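K.L.:
Generate coordinates for the sequence data below:
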Amino acid sequence: MNIDPSAGEELIGEYFKEKSIKFERESKISKLDGDYADYRVADFYLPKYKVYVEFFGKWNVPKDREKYRKKKEIYEKNRIPCVYLYPDNLGILDFIFNRRLREVLSKYPNLKLQKFLYNLNIIFDRYGLWLIALIIGIYYTKDVKIRIILSILLIYSLYLVMKSTFFKK
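P.N.:
Down below sits the predicted model:
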């Protein structure tokens, strides 16, 4: 597309790189029902999750806000899974993006696998080292009592992880 990204889009792109989230910039979406344009261009596409990301960088400009609202309306009418980000979100991007991505993945039943993959990434990011340490402890410990205690801790930790990750509303 050769459109220079805005400062906000650059920041979001850097965030995706930092989090090892693969993305495509300026992704075309064609043949949308009820749209006057031949295609729309989303700021980002996340192929692993099959979700688009739009940064409404000029949301505070009334004429641009109306264009953004129309774009959002068309996406929703066509059931395009999209995370919408606004200038005010950039300061809390990690929190907002994760929350909105989880909401989008939950909203579309055809994205169950992507939601599962997202949740696995969250588990590893938050609890990976702890779980690995427990597994190593179980493997290398010769004392049966300590092995049992570590195994119980591992099972309980996995239960808490699954509960907090998969059963959140």
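K.L.:
packing partners for the helix ranked longest in the chain?
P.N.:
As assigned by DSSP state H, the longest helix anywhere in the chain is helix 112-140. The contact analysis (3 or more CB pairs under 8 Å, 6 or more residues apart in numbering; DSSP states H and E) places helix 112-140 against helix 93-107, helix 144-166. (C-beta placed from N, C-alpha, C; glycine too.)
K.L.:
Look up how far residue 111 lies from residue 33.
P.N.:
When distance is defined by CB to CB, to the nearest Å, residue 33 is 20 Å away from residue 111.
K.L.:
The nearest residue in space to residue 98 that is not next to it in sequence: neighbouring residues, count only.
P.N.:
Spatial nearest neighbour of residue 98, chain neighbours left out: residue 122 (7.7 Å); criterion: CB to CB, 6 or more residues apart in numbering. Look at residue 122: counted by other CB atoms under 10 Å, it has 17 neighbours.
K.L.:
what does the one 3 residues further on give?
P.N.:
Applying other CB under 10 Å, we find 12 residues neighbouring residue 125.
K.L.:
Could I get the contacting residues of it?
P.N.:
Taking CB atoms under 8 Å, 6 or more residues apart in numbering, we find residue 125 in contact with no residue.
K.L.:
For it, give me the pLDDT.
P.N.:
If you check residue 125, the pLDDT there is 81.
K.L.:
With the one 4 residues further on instead?
P.N.:
Reading off the per-residue confidence, residue 129 sits at a pLDDT of 86.
K.L.:
Kindly report the same for residue 108.
P.N.:
Predicted confidence (pLDDT) for residue 108: 89.
K.L.:
Report the separation between the residue lying farthest from the centre of the chain and residue 136.
P.N.:
Going by CA atoms, centre = their mean, the residue of the chain most distant from its centre is residue 143, 42.2 Å out. Noted for residue 143: a distance of 15 Å to residue 136, by CB to CB.
K.L.:
Next: residue 159.
P.N.:
20 Å.
K.L.:
and what of residue 50?
P.N.:
35 Å.
K.L.:
before we move on, the earlier item: could you give the angle of the longest helix of the chain to helix 93-107?
P.N.:
Interaxial angle of helix 112-140 relative to helix 93-107 (axes from the mean of the first three to the mean of the last three CA atoms, to 10 degrees): 120 degrees.
K.L.:
so how far is helix 112-140 off the chain centroid?
P.N.:
Taking CA atoms, centre = their mean, to the nearest Å, one finds helix 112-140 lying 17 Å from the centre of the chain it belongs to.
K.L.:
And that helix, what's buried?
P.N.:
For helix 112-140, the neighbour count (16 or more other CB atoms under 10 Å) marks 114-115, 118-119, 121-123, 127, 131, 134, 137-138 as buried.
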